[in-house]
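Provide a 3D model corresponding to the input given below.
(2 chains)
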Amino acid sequence: MAKKSRITARLMLAVTAVTLLGACAPGQVEGEGGPGQEPLTVESVDPAEFKGKTLNYVYFTDGPDEQATRSLIGDFEKKFDVTVNLEVLPYKDLVTSVQARLSGGNVPDVVRLTGLTDFKADLLDLRRYLGEKYAEEFLPGPLVGAAGENDQLLAVPSDLTLNGPFVNVDMFKKAGVELPNPEDPWTWEEMIASATKVQQATGSQYAFAMDKSGHRLSTVLNQYGTTLVADGKAVLDADKATKALTPLVEMMGDNRMPRDFWLGSGSRYTGANEIFLAQDAPVYLSGNWQVGQFAANAKFEWAAAPNPCAENCGGFPGGKYMAALAEGKNPALAAEFIRFMNTAESQKTFIVAGGFLPTRKDLAEEGVAYPARQSDMDVFLKDLSRTPEVGYSANADPAFAGSATELVNAVSEVVAGKTDMPAALKKVQDKSQALVDELDR
Amino acid sequence: MTAVQTAPPRKRKSSLKMGLVPYLFLLPNMAIFGLFTIWPAINGFNISMYSSSNGRTFRWEGAGNYQSILTDADFWGIVRNTVIYAFAFVLLSVVIGVVLAVLVDQQRRGRTFFRSVFFIPVLISPVVVGLVWNWMLERQGGLVNTFLGWFGIPEIPWLVDNNLATIVVIAVGVWMQVGFYMLILLAGLQSIDPSVYEAARVDGANRWRQFISLTFPLLQPSILVVVVLATIHGFQAFDYIYTLTGGGPVGATTLIVQYIYENGFVSPIRYGMASAGSVLLFCAIFALTIINWMVGRKREAA
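So this is what the prediction gives:
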């Protein structure tokens, strides 16, 4: 009898637990009323209606852009008689912080993002306030990452970056090695040969340095005619990737590239700029955002160089977006704010301060005058025209960030001798495919 | 025949009341425990059955997340790292903790100073510990290699070599926690009746014999507590490792909590996978704790 009642009690406990679990389904479950597709109606809002309203802008800074942003916000506040709360977060906390705020109902109006992967379902279709033609003001490449399904405009590309190499002009001159010609880019072989000659002639510790970054590795892959993901597919070509990555692994094997830097561990930023600034490497692959930093800190003559060519020339694009959250309190004001911050005049102020490249067609056509190092910025601008379009779609793909991390891990494993290149690339292909499958569902 | 007297009903009611009183006092604590521990645990288990890429739209996966984790070759490498770390951490924590506890128990001069010295690392934020040791162990320009360089010792790749990085992570972890375990063991030592040692001395037992035959057996309840706590700490290690090595080089110091963190907080965010990883970790720690207690109780009984 006692046994029977114990069994009954256990059964009841199990039923209660199952009921409890069913009752605490986390948030909104798919298929129970997600955001539906509505026909596009452009809202017309009288700017006078914005008066006295408040807008929250969640932002991360690359450094010098923050002051320009604050200045532009001041102009916007004056023009529309509104208040903008600028909340500057560390970049690494941005996604989790905004997600937590979305879950908690404390939704910011506008956010600055490097990609839309984590928020696509939450973003406002800016066409509803800015119209369908608005997107035409921007270059098609950067727009790829801002588009939603069904041609929505989920963000505005607010600045553009491009990966590319820098050279230590003093070391090249000292070694008597010819500097690269911005009009006629190096091949990869020529770049490595030149860097090695400079290393040998000057006795520098390394010939070539590169940020430990999947984005930078993707630059090399693109130049060799392959990429990680494109058009929602994992497309890495193992043969081309082997050709692209083998020289890097070899250079790390014979100390022409800092092996320790690549394998060295820690959670600090993994840029090799300090190696270049210490004149320990005559060539450094990074990107245009380093121009301002080198202008301020380099104690030697340096220059931006065109990206080396293999099958393709040009670099790999990146950049940031301004997006509005659909659940924000003032979507019309948010859209107007994004429009204001990305007029030709505002964008010029912003990118000149930050050392970025323009995303607007008009600015790209007329050119941008930077207060210093114009010739270096022009090298990047020139390389933009050589950059294959596939780079934009690769960078915009939801599976790119994860795949790029897998690529860095794979190269590290090869450098450490834990695996060989074919096995490492097979792993990258499998992991990229799994990410594509997961994020496409 | 005498009538059986039953207790007067008023008295029974009062004892029932008295019996309830302790539970009433426990109620606020139980409510807080339920709200902030039990409920999140149940909800975490629930989330582990869903997948979500944006943290708000969830898709039912059933055991899919568990299957993904358990069939991931990288995960088993991380499990291996974690087991190695936890085993070494527990062993060294107990051995060094016992040695330190015996030493600070015996010495007379400056006992407070030495106890504080060993305990201070427990008070430092683990994130700061990781950053400071990262700075000290940098291959070029790091404090340790600079110091070794004065004696002609070449630079040592502390955080670049897989094995060295693993040793560094274990050593820093033990350094950070051992003061806490030392205090528990010290309390255990001081609860041993001094007359036991007097009797042993009268019988001619030297210090080593006293330690082996008296101190160690009598300290076993405290050692058991330390083993249980160190096992839990060992399996949950993350914060200082993340800032010290970031899980590198080449994943050599990536432990399970970092795997959970990266699934839950690094894009693409997978709350379901992170929760499933947490449930698996909970099960592992729970099982090990039970085994520890059972082994400890058996020994005590023997």
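
Would you tell me which residues of the stretch 101-250 of chain B are close to chain A?
The stretch 101-250 of chain B comes close to chain A at residues B:130, B:134, B:139-140, B:157, B:159-160, B:162, B:165, B:242-250, as judged by C-beta under 8 Å from any C-beta of the partner chain. Any C-beta I mention is one placed from the backbone N, CA and C, and that applies to glycine too.

Please give the element, helix or strand, for the spatially closest residue to residue B:120 that is not a sequence neighbour.
Nearest non-adjacent residue to residue B:120, counting by C-beta to C-beta, 6 or more residues apart in numbering or on different chains: residue B:179, 7.0 Å away. Element membership for residue B:179 (DSSP states H and E) is helix B:162-190.

Over to residue A:55?
strand A:54-59.

next one: residue A:322
strand A:317-324.

sorry, back to before: list the contacts of the residue nearest to residue B:120.
Applying C-beta atoms under 8 Å, 6 or more residues apart in numbering or on different chains, we find residue B:179 in contact with B:100, B:118, B:119, B:120, B:121, B:122.

now these as JSON lines including neighbour count, distance to residue A:391 and pLDDT?
Listed next are those as JSON lines, based on neighbours: other C-beta atoms under 10 Å in any protein chain shown; distance: C-beta to C-beta, whole Å; pLDDT from 0 to 100:
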{"residue": "B:100", "neighbour count": "21", "distance to residue A:391": "58", "pLDDT": "93"}
{"residue": "B:118", "neighbour count": "22", "distance to residue A:391": "55", "pLDDT": "88"}
{"residue": "B:119", "neighbour count": "16", "distance to residue A:391": "55", "pLDDT": "91"}
{"residue": "B:120", "neighbour count": "10", "distance to residue A:391": "52", "pLDDT": "92"}
{"residue": "B:121", "neighbour count": "17", "distance to residue A:391": "48", "pLDDT": "93"}
{"residue": "B:122", "neighbour count": "15", "distance to residue A:391": "50", "pLDDT": "93"}
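
re the thing from before, what average pLDDT does the strand holding residue A:55 get?
Across strand A:54-59, pLDDT averages out at 95.

how many degrees apart are the next helix-or-strand element following that strand and strand A:317-324 in direction?
As assigned by DSSP H and E, the chain's next helix or strand after strand A:54-59 is helix A:65-80. Following axes from the mean of the first three to the mean of the last three C-alpha atoms, to 10 degrees, one obtains 30 degrees for the angle between helix A:65-80 and strand A:317-324.

tell me which strands and helices helix A:65-80 is in contact with?
strand A:54-59, strand A:83-88, helix A:331-341, helix A:344-354 (3 or more C-beta pairs under 8 Å, 6 or more residues apart in numbering or on different chains; DSSP states H and E).

average pLDDT for the helix holding residue B:179?
Regarding helix B:162-190, the rounded mean pLDDT is 95.

swap in stretch A:75-92?
Throughout stretch A:75-92, pLDDT has a mean value of 93.

what comes into contact with that stretch?
By C-beta under 8 Å, 6+ apart, the residues outside stretch A:75-92 that reach it are A:47, A:50-61, A:66, A:69-70, A:73, A:97, A:108, A:114, A:333, A:336-337, A:340-341, A:346.

remind me which residues of chain A are low pLDDT?
Within chain A, the stretches with pLDDT under 70 are A:1-39, A:265-270, A:440-441.

pull the longest strand from it.
Identified as the longest strand of chain A according to DSSP state E is strand A:156-168.

hey, C-alpha coordinates of it in CSV?
This file holds the C-alpha atoms of strand A:156-168, laid out as CSV (Å, rounded to 0.1, in the frame of the first residue of the first chain):
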residue,chain,number,x,y,z
VAL,A,156,22.1,52.5,-42.7
PRO,A,157,25.7,51.8,-43.3
SER,A,158,27.3,54.7,-41.5
ASP,A,159,30.9,54.2,-42.3
LEU,A,160,33.1,51.9,-44.3
THR,A,161,36.4,50.3,-43.5
LEU,A,162,38.8,48.4,-45.7
ASN,A,163,41.6,46.0,-44.8
GLY,A,164,45.0,46.8,-46.3
PRO,A,165,48.7,46.8,-45.6
PHE,A,166,51.0,49.5,-44.2
VAL,A,167,54.7,49.8,-44.9
ASN,A,168,57.6,51.3,-42.9
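
who does whichever helix or strand comes after it touch, helix- and strand-wise?
Per DSSP H and E, strand A:156-168 leads on to helix A:169-175 as the next helix or strand towards the C-terminus. Here helix A:169-175 touches helix A:188-202, strand A:302-304, going by 3+ C-beta pairs under 8 Å, 6+ apart.

In the stretch 151-300 of chain B, which residue sits closest to chain A?
Closest approach between the stretch 151-300 of chain B and chain A, counting by C-beta to the nearest C-beta: residue B:248, at 3.1 Å.

Would you confirm that residue A:293 contacts residue A:271?
No. Counting by C-beta atoms under 8 Å, residue A:293 does not reach residue A:271; the two are 9.6 Å apart.

higher neighbour count, those two?
residue A:271 (21 against 17; other C-beta atoms under 10 Å in any protein chain shown).

Now that one. Nearest residue, chain neighbours left out?
Closest residue to residue A:271 apart from its sequence neighbours, by C-beta to C-beta, 6+ apart: residue A:211 at 4.9 Å.

now swap in residue A:60 and tell me
residue A:91 (4.2 Å).

and what of residue A:162?
Nearest to residue A:162 is residue A:315, by C-beta to C-beta, 6+ apart, at 4.4 Å.
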